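Asks: Pasted the sequence and its predicted model underneath.
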There are 4 protein chains.
Amino acid sequence: MPERDSRYARRLEEILAHATEVFNDKGYEGASMRDLSRATGMSLAGLYYYFESKEKLLYLIQKHTFETIIARLRERLSAARDPEQRIRIFIQNHLEYFLANQKGMKVLTHEDEALKDKYAEEVRALKREYYRVCLGIVEEFLKLRGNGRLVRSGAAKQRSESIEVRGDITPRIAVLSLFGMMNWIYTWHNPRIDADAGALAQQMGDIFLDGIRNQQRAAGSAARK
Amino acid sequence: MPERDSRYARRLEEILAHATEVFNDKGYEGASMRDLSRATGMSLAGLYYYFESKEKLLYLIQKHTFETIIARLRERLSAARDPEQRIRIFIQNHLEYFLANQKGMKVLTHEDEALKDKYAEEVRALKREYYRVCLGIVEEFLKLRGNGRLVRSGAAKQRSESIEVRGDITPRIAVLSLFGMMNWIYTWHNPRIDADAGALAQQMGDIFLDGIRNQQRAAGSAARK
Amino acid sequence: MPERDSRYARRLEEILAHATEVFNDKGYEGASMRDLSRATGMSLAGLYYYFESKEKLLYLIQKHTFETIIARLRERLSAARDPEQRIRIFIQNHLEYFLANQKGMKVLTHEDEALKDKYAEEVRALKREYYRVCLGIVEEFLKLRGNGRLVRSGAAKQRSESIEVRGDITPRIAVLSLFGMMNWIYTWHNPRIDADAGALAQQMGDIFLDGIRNQQRAAGSAARK
Amino acid sequence: MPERDSRYARRLEEILAHATEVFNDKGYEGASMRDLSRATGMSLAGLYYYFESKEKLLYLIQKHTFETIIARLRERLSAARDPEQRIRIFIQNHLEYFLANQKGMKVLTHEDEALKDKYAEEVRALKREYYRVCLGIVEEFLKLRGNGRLVRSGAAKQRSESIEVRGDITPRIAVLSLFGMMNWIYTWHNPRIDADAGALAQQMGDIFLDGIRNQQRAAGSAARK
DNA sequence: TATGAATGAGTGTTCATTCAT
DNA sequence: TATGAATGAACACTCATTCAT
């Protein structure tokens, strides 16, 4: 009976939407099932027909949010081969989704440690996956950049060496810094004041790319010492 | 009776230290006064001799943490005039304190919305102050750069072209991006794997400074219009 | 429509069987309708087509169990006239049914006070009836013993007096002790270790009958003083 | 501060007394903490100052009841050597305590399976201990009886053999039957109608002892076949 | 200074039951 | 004949906080 199933799914989605809002406003711990009951207009007991626990609810929100952002990313990424462009796509995708689904993304971002055991593990896996996609692109970008220099010096075959040689920004730190930049927006972004996702992506992309491109780094770094 | 006062102060500090740890581990909402009682070895009722509420406790922690980091910053900053150097000092100070007082900084950073009314306002004021210090330095940096460009002008055409596509960076976004980079470390920094504060400050400083340095940006931006 | 009725009855019986098991395992209070739903494979709401409440369910189980054991008893009893034999039949019937329907009997025995008002009264009536059957047989047995002695020995006044004086075993206590012996088995009987119903009935019958036969009581009692 | 401790202990005892009553009336599962709160006149939360859970409460009641009855038994038993007398002491002690502490004993007897894990194990251990004391006495009694016959036939040295020879009531069944008789009284004893502990012990003792004494059994049993 | 004792309000969750379909 | 969806009331338990001592 697809009629029924879709009804259930629609109702569940509604609840998830309300829950996302409530978790966003009060935090996961701070939000009570009674808050949720009020927000959804459904009885306390009624909620439990749709999921077995508050934790499961958070899990569903986080999972859905993550899977959606990853799916969109993969789609957009499939069209581009240039590393710089791919990084820009990553940033654009992230910020666009973040600002369009601010509440869900904040819940995903802020309620990082609320889940336990199996649920936590599953979401952590998605996170790792997402992180690795980004890491891959950034490494590609750095390798190309690095290779330019390294080709001349002839030697290092491995990507990791080429990067170490520069004694410089590691891909891990670069990627995590980028995530920081982007995720932090939930603490400050004001749609009435601040630029939209496109402009923000542009600026953060500029900072990040120029930041790790660092053609003049050698000189600068040397000068500092 | 200074004897008494200092004893009181010492005891309070101990409690704050334990509370910081507990809030760090369980979150403000997730931590119970009983957890605190256990952590301090003091009776539940005894704690209330030192502060009137759980919220006040969080306030004291956040205020103390903020005031300390600001004080240290001012001291270090007083020695330097060069904008780049001042930005590097800011970053270094922030990360150094962050990693040395990870738990307090996480509580400060993560429990942003737990405080209400007067307490919230006070901490927000400190935050604004801290933000403005950073903003001031960054603006100075950007202004000089801007001037520099105008003076030298003319030059690098090929570079500017590669940048053309890019939009301009506002100081607000720059600063908030920097804060994002830095504050985000509480979610990932692993002392056994990751670099220490100095190296981290170096890398983040490189990314940020190169990222906003972009002498040729103006031209590119102009080209877009 | 007998077709329908028999289907209904069959289904009800299945449910009763599962419910018996669940009540046996978790107790009446401890068992939830959801447990039942799970055990029967029927939906929660579906169960209510067959009985109007959880209490009614318990009532049906208890009533059915009691009526069955009483019916079997009456049939077996109809064949025997000798009081001792009749007592042995009672015990045999009880234990046989108890061990063959351990779960139902435990529910009957253990969930004595769960029913209220009309249901309680009905089951209590069955219980009283069952008790009175047993009481009747035991009284018969004791009367014959007593009469037999008095008639034959004609003389022995002192004995009969000694019995009165001693406030000897009353039929009520005898019967209730017998029920205790028998009903208690649900707390200890282990089919892998313990004897089967027949052997158990033999032993308990021996204890009970010799225990109330007490031809040598006077002497023993006197000796005790 | 013995003042304080004794106060705590006294209060705890009061609560245990009320809880015993409530568990007796409604059963463990059927009794709610609110019922207890009402019965004690203490707030719901206040109760938790004295024990950490409803289960612990049941445990405390069961443990205390069992330990008390065992302690009293050991004391009385220490004075007697004659097996029959010892059995009578056991019965007398059990029934006396049972009727004087009917509610506690019912809770002990009826709520057999409510406890879990460690608590259950502890109470089970006490129960086993109590059972074994009884078993020991009964075996002694049967051995002496049996020896009388066996001495003449010369052989069997071991207790177990002497009993097997009679192909009759096993000590285990005897003891468990006795427990059944005694424990069952919580389902029927009415102080206004029924005899007191002393008279009851007399009667049950008579039934049990004559029941297992069975000098004439061999003849009777043979006759039956 | 510090605590034992206590509380009202609230927590997440489960209960037996209902009713439109 | 049976179910999906929903509910009010209750569940055991914890919360931050208080107050006499």
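Replies: Received, thanks.

Asks: quick one: least confident helix or strand in chain A?
Replies: helix A:159-165 (a mean of 36; mean pLDDT, DSSP states H and E).

Asks: so who does the residue nearest to residue A:56 when sequence neighbours are not counted touch?
Replies: Ranked by C-beta to C-beta, 6 or more residues apart in numbering or on different chains and with sequence neighbours excluded, the top spatial neighbour of residue A:56 is residue A:119, at 7.2 Å. Backbone N, C-alpha and C define where each C-beta goes, glycine included. Residue A:119 makes contact with A:55-56, A:58-59, according to C-beta atoms under 8 Å, 6 or more residues apart in numbering or on different chains.

Asks: quick one: buried residues of the helix or strand where residue A:130 lies?
Replies: Secondary structure assignment for residue A:130, by DSSP states H and E: helix A:117-153. Within helix A:117-153, the residues that count as buried by 16 or more other C-beta atoms under 10 Å in any protein chain shown are A:119-120, A:123, A:126-127, A:130, A:133-135, A:137-143, A:145-146, A:150.

Asks: try stretch A:58-76
Replies: Judged by neighbour count using 16+ other C-beta under 10 Å, the buried positions of stretch A:58-76 are A:58-66, A:69-70, A:73.

Asks: give me the subset of those residues touching chain D.
Replies: Among the buried residues of stretch A:58-76, no residue is within reach of chain D (C-beta under 8 Å from any C-beta of the partner chain).

Asks: Including secondary structure, pLDDT and distance to chain B, could the residues you listed go into CSV?
Replies: Below are the buried residues of stretch A:58-76 laid out as CSV (DSSP: H, G, I helix; E, B strand; the rest coil; pLDDT from 0 to 100; distance: C-beta to the nearest C-beta, whole Å):
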residue, secondary structure, pLDDT, distance to chain B
A:58, helix, 98, 13
A:59, helix, 98, 17
A:60, helix, 97, 20
A:61, helix, 97, 17
A:62, helix, 97, 14
A:63, helix, 97, 19
A:64, helix, 96, 21
A:65, helix, 96, 17
A:66, helix, 96, 15
A:69, helix, 97, 17
A:70, helix, 97, 18
A:73, helix, 98, 19
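
Asks: Kindly indicate which of those residues lies nearest residue B:37.
Replies: residue A:58 (28.0 Å; C-beta to C-beta).

Asks: Please report the distance of the closest one from residue C:189.
Replies: Using C-beta to C-beta, to the nearest Å, residue A:58 is found at 49 Å from residue C:189.

Asks: and what of residue A:168?
Replies: Relative to residue C:189, and taking C-beta to C-beta, residue A:168 is found at 79 Å.

Asks: Which of the buried residues of stretch A:58-76 sits closest to residue A:178?
Replies: Set against residue A:178, the nearest of the buried residues of stretch A:58-76 by C-beta to C-beta is residue A:73 (13.7 Å).

Asks: Could you find the closest non-adjacent residue to the closest one?
Replies: Nearest residue to residue A:73, sequence neighbours excluded (C-beta to C-beta, 6+ apart): residue A:93, at 4.8 Å.

Asks: name the element the one you found belongs to?
Replies: With DSSP H and E as criterion, residue A:93 is part of helix A:83-100.

Asks: List the buried residues for that helix?
Replies: Of the residues in helix A:83-100, those buried (16+ other C-beta under 10 Å) are A:83-84, A:86-99.

Asks: Spell out the secondary structure type for the residue of chain A found nearest chain C.
Replies: Using C-beta to the nearest C-beta, residue A:49 is the residue of chain A that sits closest to chain C, at 10.9 Å. Assigned with DSSP: H, G, I helix; E, B strand; the rest coil, residue A:49 falls in the coil class.

Asks: Relative to residue C:30, how far out is the closest residue to residue A:213 other than its chain neighbours?
Replies: Once flanking residues are discounted, residue A:213 sits nearest to residue A:145: 6.4 Å by C-beta to C-beta, 6+ apart. Residue A:145 sits at a distance of 68 Å from residue C:30 (criterion: C-beta to C-beta).

Asks: Tell me which residues touch the residue positioned nearest the centre of chain A, please.
Replies: For chain A, residue A:94 is the residue whose C-alpha lies nearest the centre (C-alpha atoms, centre = their mean; 5.8 Å). Neighbour list for residue A:94: A:69, A:73, A:182, A:201 [criterion: C-beta under 8 Å, 6+ apart].
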